[in-house]
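Participant: Sequence and computational prediction follow.
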Amino acid sequence: DAGVIQSPRHEVTEMGQEVTLRCKPISGHNSLFWYRQTMMRGLELLIYFNNNVPIDDSGMPEDRFSAKMPNASFSTLKIQPSEPRDSAVYFCASSAGTGSASLAKNIQYFGAGTRLSVL
Amino acid sequence: GQQLNQSPQSMFIQEGEDVSMNCTSSSIFNTWLWYKQDPGEGPVLLIALYKAGELTSNGRLTAQFGITRKDSFLNISASIPSDVGIYFCAGPANTGNQFYFGTGTSLTVIP
């Protein structure tokens, strides 16, 4: 099993540029999660999807952030325009459950992350 | 938002020593999860706890779900160099759809 695949692993961009992070969940998993990790704030859940539908995006910091899941095997997290304070490691995770059970009962498998640096 | 506080923030121990860390919350959790993150990687689930008072082991790791449901403990016995990493507690909110990670405990094992 290939696990959760994220790309790119590293991204360096200039302030104001659009950034797109990509995630391929584990095949057969119904839930997908986007997290952000920083030294100051730790790991934060940004948004999660069940069966390709966004369930909770209350963690998305502001309108510059958007996430899509056009099909069961692909999701993107987009930042437009990017700012230096967006610099962080962004993780994608997937799990086999749906609904509230996906949070409590189902193991989330994490990708290796995308390290984003906005200059 | 919800805050899961972990202590200690960091630990430096000799190989072979036992390790104990804990996680506390201001509100009740119905599930406690413990993850480990290696450098440059995503977190990996170690142990899941679903009931107050539950004590669960996974090899040298033992975790307990506190009776008050506001805390959890993780113990590592006979530490080895590959135990190095950051350990996180985590869990879903009692209400709503949020999921929270603790502040993390960084473990360094000195051979």
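Facilitator: Okay, I see it. Residues are numbered from 1 along each chain as shown, chains lettered A, B, ... in the order given.

Participant: Any idea what the residue sitting nearest the centre point of chain A is bridged to?
Facilitator: Centre of chain A computed as the mean C-alpha position; nearest residue by CA atoms, centre = their mean is residue A:34, 2.5 Å away. Beta bridges link residue A:34 to residue A:47, residue A:92 when assigned by DSSP bridges.

Participant: what does the one 4 residues further on give?
Facilitator: Applying DSSP bridges to residue A:38 gives these bridge partners: residue A:42.

Participant: Over to residue B:101?
Facilitator: Applying DSSP bridges, one finds that residue B:101 bridges with residue B:90.

Participant: ok, it to residue B:10 distance?
Facilitator: Per CB to CB, to the nearest Å, residue B:101 is found 17 Å from residue B:10. (Glycine included, C-beta is placed from N, CA and C.)

Participant: per-residue confidence for the residue in chain A that chain B sits nearest to?
Facilitator: Relative to chain B, the nearest point of chain A is residue A:110 (2.9 Å; CB to the nearest CB). Looking at residue A:110, its pLDDT is 94.

Participant: Please apply the same query to residue B:2.
Facilitator: Predicted confidence (pLDDT) for residue B:2: 63.

Participant: Residue B:57 now?
Facilitator: 96.

Participant: Make sure it is indeed in a strand.
Facilitator: Yes. Under DSSP: H, G, I helix; E, B strand; the rest coil, residue B:57 sits within a strand.

Participant: Show the contacting residues for the nearest residue to residue B:12 once chain neighbours are set aside.
Facilitator: Ranked by CB to CB, 6 or more residues apart in numbering or on different chains and with sequence neighbours excluded, the top spatial neighbour of residue B:12 is residue B:108, at 4.8 Å. Counting by CB atoms under 8 Å, 6 or more residues apart in numbering or on different chains, residue B:108 touches B:10, B:11, B:12, B:13, B:84.

Participant: lowest-pLDDT helix or strand in the chain?
Facilitator: Assuming you mean chain A. Lowest by mean pLDDT, DSSP states H and E among the helices and strands of chain A is helix A:101-104, with a mean of 64.

Participant: ah, I was thinking of chain B
Facilitator: Going by mean pLDDT, DSSP H and E, chain B bottoms out at strand B:99-101, a mean of 88.
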